[in-house]
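J.: structure for this input, please:
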Amino acid sequence: MKIFNEQHQMFRATVRSFVEKEIMPHVEEWETAGQMPRWIWPRMGELGLLGVEYDEKYGGGGSDFLTSAILHEECARSRSGSFAMAVGVHCDMASPHLYWTGSEALKEKYLPAMCRGEALTAIAVTEPGGGSDVAAIRTRAVRDGDHYVINGSKMFITNGATADVFFLAARVEAGSEGKRHQGISVFLVERTTPGFTVSRTLDKMGMRASDTAELSFQDMRVPVENLLGREGVGFYEVMRVFQRERLVAGLHAVAMADRAVADTIAYVRERQAFGGPLSDKQVIRHKLADLATQIEAGRWLTYAACAKFAAGEDCVREISMVKLFTAEMVNRVAYDCVQLHGGYGYMREYAVERFARDARLMTIGGGTSEIMRDIIAKAILP
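T.: The predicted structure follows:
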């Protein structure tokens, strides 16, 4: 079955060339440093890899969602979950808030710089006391004349230490009993706003080259015109972007797993044991056959959901299935690929070790597997 056209494949070749020549040679260096250099973003902007779906009048590519899907697949093949995640946040988890619900004045002011890679973005929803429970947001925004005064904190914010523009979810009014989702709004906030503080950069198990931060806001004054959409209905916009985020996570998981299995196949062909290469042993061959089958199942489950999403159909159930299946799958693949590398799989000099640490986040970030199961259960057992 063919879902990508010739133009898509040309775009894939451009992204793959960039990733292989300009990203992959530096992955180890960035992992050790715990951060990625800023030049990545203007370079991607120069190549037309940022804002691929946004209107050309803002500097975007005017393309479709499948073009974005290709971007994320190729970034995830880099052997750096950190790079893939940082790109995913900027392109598909943060900036869509502006493109979908921002005023024309805000879009004209900020989108071109985002497409050029001059303004890096982050989404600030998760708080120290709540992750997947978006309705539990406690950060407060109080209207004061032509500003909102915001107080609160956010946790686990990808790109949080380096982003220039944040899309911040805050409560403008208390939600009523049984309707906690009411009264939440999303604001565009510049990093330089007085009262905005990066409290700390977090030290993580994996995705170590992608900065993740805790943020705090103390009497931070944000102009009223920086409100995105209508006041009090931001919960629905956050959940809308969550669907896109979870699809991107599925694309990441499948591409990461595919790369890890390819690396593992190369290893077992070279590794000699008991009179021949490991690849000749039936137990190894059957394990790899199982992994390849799981990846292919995840790929087409994801592509099917991508097609529905691109067509504007309601596919919350399908996207939740994608997130659940691929996140669990990539962790099974990680376990087995490390195992098939033997002792070398436990060594940091092998990419499969980093893959195993990076993959662990997939069942947590963007909605845990437990939350995905609950969403699916509600859909099939109304």
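J.: and Tyr159, what is it in contact with?
T.: Tyr isn't right for residue 159; it's Asn. Contacts for Asn159 were tallied using CB atoms under 8 Å, 6 or more residues apart in numbering; they are 86, 89-90, 94, 120-122, 210-211. To be clear about C-beta, it is placed using only N, CA and C from the backbone, and glycine gets the same treatment.
J.: show me where the stretch 51-200 of the chain has helices.
T.: Assignment of helices within the stretch 51-200 of the chain using DSSP state H, counting those that start in this stretch yields the ranges 65-76, 81-88, 95-101, 104-116.
J.: ok, of the contacts of Asn159, which one's closest to His341?
T.: Using CB to CB, Ser210 comes nearest to His341 of the contacts of Asn159, at 24.1 Å.
J.: got a pLDDT number for the closest residue to that closest one other than its chain neighbours?
T.: Here the nearest residue to Ser210 in space, its sequence neighbours aside, is Ser82; by CB to CB, 6 or more residues apart in numbering that works out to 3.7 Å. You'll see Ser82 listed with a pLDDT of 98.
J.: what does Met1 give?
T.: Residue-level confidence at Met1 comes out at 79, pLDDT.
J.: just the ones of the contacts of Asn159 in strands?
T.: Among these, the subset assigned to strands under DSSP state E consists of 121-122.
J.: distance to Asp55 added to the contacts of Asn159, as JSON lines?
T.: Formatted as JSON lines, these follow (distance: CB to CB, whole Å):
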{"residue": "Ala86", "distance to Asp55": "24"}
{"residue": "Val89", "distance to Asp55": "21"}
{"residue": "His90", "distance to Asp55": "17"}
{"residue": "Ala94", "distance to Asp55": "18"}
{"residue": "Leu120", "distance to Asp55": "20"}
{"residue": "Thr121", "distance to Asp55": "17"}
{"residue": "Ala122", "distance to Asp55": "22"}
{"residue": "Ser210", "distance to Asp55": "28"}
{"residue": "Asp211", "distance to Asp55": "30"}
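J.: before we move on, back to that, ok, the residue nearest to Ser210 - contacts?
T.: Residues 30-31, 36, 207-210, 358 are the ones in contact with Ser82 under the rule CB under 8 Å, 6+ apart.
J.: show me where pLDDT drops low in the chain?
T.: Regions of the chain meeting the criterion pLDDT under 70 cover residues 131-132, 174-180.
J.: quickly list the domain ranges of it.
T.: Taking automatic domain parsing as the criterion, the chain consists of the domains 6-119, 123-231, 236-380.
J.: start to end distance for the first one?
T.: Going back to what we said before, that points to domain 6-119. Domain 6-119 stretches 31 Å from its first residue to its last (CA to CA, to the nearest Å).
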